[in-house]
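Q: fold the following for me, if possible:
(2 chains)
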Amino acid sequence: MSVAAVDREWRRYTGAQRLGRFALYFGIVAACVVSLRTVEIIPEFLYDAHEQVADLLKRMWPIAWDHYPKGVHDALIETLHIATLGTILAIVMAVPLGVLAAHNIVPNAAINYFAKFLLVSSRSVNSLVWALLFVAVFGPGALAGTLAIAFRSIGFVGKLFGEALEETRSGPVEALKAAGAPWMSIFLKGYWPQVVPAFWAIALFRWDISVRESAVLGLVGAGGIGMAIDTAMNLFQWDRVAVMLVAIFAVVLVAELIVTWIRKRII
Amino acid sequence: MSSGAATARPTAFRPSWVARAGWLVFLAYVIYAASVLDFTWDRFVVGLEQGARFVARMFPPDTSPDKMKLMARGLYESLEIAIIASALGIVLSLPIGLLAARNLMPAWVTWPTRLFIALCRSFHQVIIAIVFVKAVGFGALAGILALTVASIGFVAKLFAEAIEEISLKQVEAIRATGASFMNVVVYGVMPQVLTRFVGFATYQVDSNLRNSTMVGIVGAGGIGGTMFAAFQKFDYDFLLTILLAIIAMIMLSEALQNRVKRLFQ
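A: Have a look, this model is predicted:
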C-alpha cells in the first residue's frame, strides 16, 4: 500500500462546495458589518427612549374603554368582513389559476408558466402596496381593502393549491378517464377529494393572515380599524389607540383559536 | 345478491345536504357582507374609469436623476433595516426558542416565554413600527426594532416547536455521560433542529426584506416613506418606478435564495 493512499485526507464536501459555503458566510458577515456601519441612527433619539416609552404608556393609561362601542366596534367588524370577503374572493380567483399552474392537470408548459407568473406577481406586491393602488382606483374605503387582501392572497392560495394538486395520485384520475368521465367529473371526483384537506388548511391559514393584515390596511386609507388608529394617532389620543390595539390583539387571538378548532374538526 | 332491476341503482356519489346548506349559508354571508361594506356595481364602474386615468398617469415611469438618487437611498436603507433586523432577530430567537421548549424547560420558564412570543407575533409589523416610532423617533432604528420583534415572534415560535418534536433518546444519551446543560443543547438538541432552524431563518430574511419596504409608511425608515410621499403627492410616475424597483429587489433576493438552498442540498 502506498503512503499517499494512507495519508489521503477525507473531506465531506468538494472544494467548490466549501468555497461556496465560505463565500456565503463571508457575505452574511460582510452584509451585517456594512449595514451596521452605514445605517443612519441618530443616537440623540436613543437617549430619551425610556422617557418616550414612559410617556407613551402614561398617555395610553387609562385605556379609553368607553370609546369601544362608539368608534372601535364597527371598524373591527368591518376589518373582519374585509379579511373574510377578501380571502373568499382570492380563493375564487386562485383555484382556477392553481389548476392552470399544475402540470399534471394542464400538460402545457406555456400555460403553466403563465399561471405561475401571475401567482408570483401577486405575491411579490405587499398587501399595503395593493391597498395603495386600489385606494387610488376606487377611493378610500373597504372596497379597496377587500381587493387588496384578495389580490395579495391569490398568489399565496394559488401557489399552495397548485402544489397540492401536483402531489395527487394519478390512480383515481386514470380510473375515471377509463370510464369516459367528462373533464369536470374527473376534476371533481378524481383530483378534488385528494386535495380537500389541503384546500381547507390553505384557506384557513390565509384567513388567519388576512385578519392580521386587514388591521393595518386602514393606515393607507383602505378601511377597517387601521383608519381609526390613524385618526386617533394623528390626534395624539393614545388612550384610544390602546383600546384599538387591545381589540386587534383579542380578534387575532380568537381567529387563531377558531382556526385551530376547525382544523382539528375537519382536517 | 341484490334484488336487481326493480330497485333503482344507488348513485355512486350521493349529494350531501349538509354541504349544500353550508353553501347556502356561505352565499348568504357573502351577499350580506358585500352589502354592509357598500359594494355596488356603480362604484366599480366609476373605479374602472378612475383606474384608467391612474394607470395613464403612471406612464412613463419617472427616471429623472434626482428621483433615482432618492429612490436608491431609500432602497439601500430598507436593505440595511432588513439585514440588521434579521441578524438580531435570528440570534435572539435561539435562546428564546430554547426557553420556550416545553420538553427541556420547566413550566415556570416556558409560560412567560411563550406569552412573550405570542405578543411579538400577534401584531402586524407596521403596528409594532408605530409604537417604536413613538419610542425612538422617526428613522431606521424604529424599523429595525419593529422587524426584530416580528422576527422573534416567527422564528422563536417555530424553533420552539421544532425542539419539542426532537427525539429525546440522544439527549438522554448525552446527559448520561454527565454533560453540562450547554453540552446537551449543543450536541443533543442542535444537530436535530439546525436544518429546520436555517429554513425558518431564511424564510424570515425574505419576509423582513419585503416588510422593510413597508415600515416606512409610518415613518420607520426605508423606501416605504418615499413611496407613501410620492403617493400622497400624486407623483404616480415616481410611484411606479419605486414599485418596479421593489419588485425587482424581491425577485433578485428570491433568485439568490434559490442559489443558497442549492448550496446546502
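
Q: and residue 16, what pLDDT?
A: Going with chain A. For A:A16, the model assigns a pLDDT of 82.

Q: wait, chain B
A: B:S16 carries a pLDDT score of 79 in this model.

Q: just the helices in chain B please.
A: Secondary structure of chain B (DSSP state H): helices located at B:17-36, B:41-58, B:65-99, B:107-122, B:125-136, B:140-151, B:157-164, B:168-176, B:181-183, B:190-212, B:223-232, B:236-263.

Q: kindly reformat these as CSV containing distance to A:R265 and mean neighbour count.
A: For glycine as for every other residue, the C-beta is placed from the backbone atoms N, C-alpha and C. What follows is these, written out as CSV (distance: least, Cβ to Cβ, whole Å; neighbours: other Cβ atoms under 10 Å in any protein chain shown):
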stretch, distance to A:R265, mean neighbour count
helix B:17-36, 13, 11
helix B:41-58, 37, 13
helix B:65-99, 29, 20
helix B:107-122, 23, 16
helix B:125-136, 31, 24
helix B:140-151, 30, 28
helix B:157-164, 21, 20
helix B:168-176, 31, 13
helix B:181-183, 40, 10
helix B:190-212, 28, 19
helix B:223-232, 40, 22
helix B:236-263, 36, 16
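
Q: least reliable of those going by mean pLDDT?
A: For the helices of chain B, mean pLDDT drops lowest on helix B:41-58, to a mean of 82.

Q: tell me what it is packed against?
A: Here helix B:41-58 is seen to pack against helix A:127-138, helix B:236-263 when contacts are counted using 3 or more Cβ pairs under 8 Å, 6 or more residues apart in numbering or on different chains; DSSP states H and E.

Q: quick one: the strand or helix carrying A:D230 to helix A:127-138, angle?
A: When elements are assigned from DSSP states H and E, A:D230 belongs to helix A:225-234. Here helix A:225-234 runs at 90 degrees with respect to helix A:127-138, directions being taken by axes from the mean of the first three to the mean of the last three Cα atoms, to 10 degrees.

Q: give me the contact list for helix A:225-234.
A: Residues from elsewhere that reach helix A:225-234 (Cβ atoms under 8 Å, 6 or more residues apart in numbering or on different chains): A:71-72, A:75-76, A:78-79, A:140, A:214-221, A:238, A:240-241, A:244-245, A:247-248, B:127, B:130.

Q: check the stretch 101-250 of chain B for the residue nearest chain A and tell me.
A: Distance from chain A to each residue of the stretch 101-250 of chain B (Cβ to the nearest Cβ) is smallest for B:G137, at 3.7 Å.

Q: and that residue, what does it touch?
A: For B:G137, the residues meeting the contact criterion (Cβ under 8 Å, 6+ apart) are A:I42, A:F45, A:Q52.

Q: which non-adjacent residue is nearest the first one?
A: Of all residues not flanking A:I42 in the chain, B:G139 sits nearest, at 6.1 Å (Cβ to Cβ, 6 or more residues apart in numbering or on different chains).

Q: what's the burial count for the one you found?
A: 22 (other Cβ atoms under 10 Å in any protein chain shown).

Q: ok, A:L188 next?
A: Every residue meeting other Cβ under 10 Å relative to A:L188 is counted, giving 14.

Q: next, name the residue at the spatial heart of the chain.
A: Since you didn't name a chain, this refers to chain A. Using Cα atoms, centre = their mean, the residue of chain A that lies closest to the mean C-alpha position is A:I209, 5.4 Å off.

Q: switch to chain B, that's the one I care about
A: If you average the C-alpha coordinates of chain B and look for the closest C-alpha using Cα atoms, centre = their mean, you land on B:S207, 4.9 Å from that point.

Q: check what pLDDT the closest residue in space to that one that isn't next to it in sequence gets.
A: Once its chain neighbours are removed from consideration, B:S207 has its nearest residue in B:F154; the separation is 7.2 Å (Cβ to Cβ, 6+ apart). Model confidence at B:F154, expressed as pLDDT, equals 90.

Q: surely B:F154 meets B:G199?
A: No: with the criterion set as Cβ atoms under 8 Å, B:F154 and B:G199 do not qualify as a contacting pair; they are 11.9 Å apart.

Q: count of residues packed around residue 235?
A: Using chain A. Counted with other Cβ under 10 Å, the burial measure for A:L235 works out to 10 neighbours.

Q: was after chain B, sorry
A: Around B:D235 there are 19 other residues, counting by other Cβ under 10 Å.

Q: what sits against B:P106?
A: For B:P106, no residue counts as a contact, taking Cβ under 8 Å, 6+ apart as the criterion.

Q: hang on, B:L104 packs against B:G188?
A: No: assessed by Cβ under 8 Å, B:L104 is found out of contact with B:G188, at 9.5 Å.

Q: pull up the overlap in contacts between these two.
A: B:V171.

Q: stretch A:69-85: which residues count as buried?
A: By neighbour count with 16 or more other Cβ atoms under 10 Å in any protein chain shown, stretch A:69-85 contains the buried residues A:G71, A:V72, A:A75, A:L76, A:E78, A:T79, A:L80, A:H81, A:I82, A:A83, A:T84, A:L85.

Q: try stretch A:154-169
A: Burial within stretch A:154-169, assessed by neighbour count using 16+ other Cβ under 10 Å, is assigned to A:I154, A:G155, A:F156, A:V157, A:G158, A:K159, A:L160, A:F161, A:G162, A:A164, A:L165, A:T168.

Q: for stretch A:201-210, same thing?
A: Using 16+ other Cβ under 10 Å, the residues of stretch A:201-210 that count as buried are A:A201, A:I202, A:A203, A:L204, A:R206, A:W207, A:D208, A:I209, A:S210.

Q: how far off centre is that stretch?
A: Computed by Cα atoms, centre = their mean, to the nearest Å, the chain-centroid distance of stretch A:201-210 equals 8 Å.
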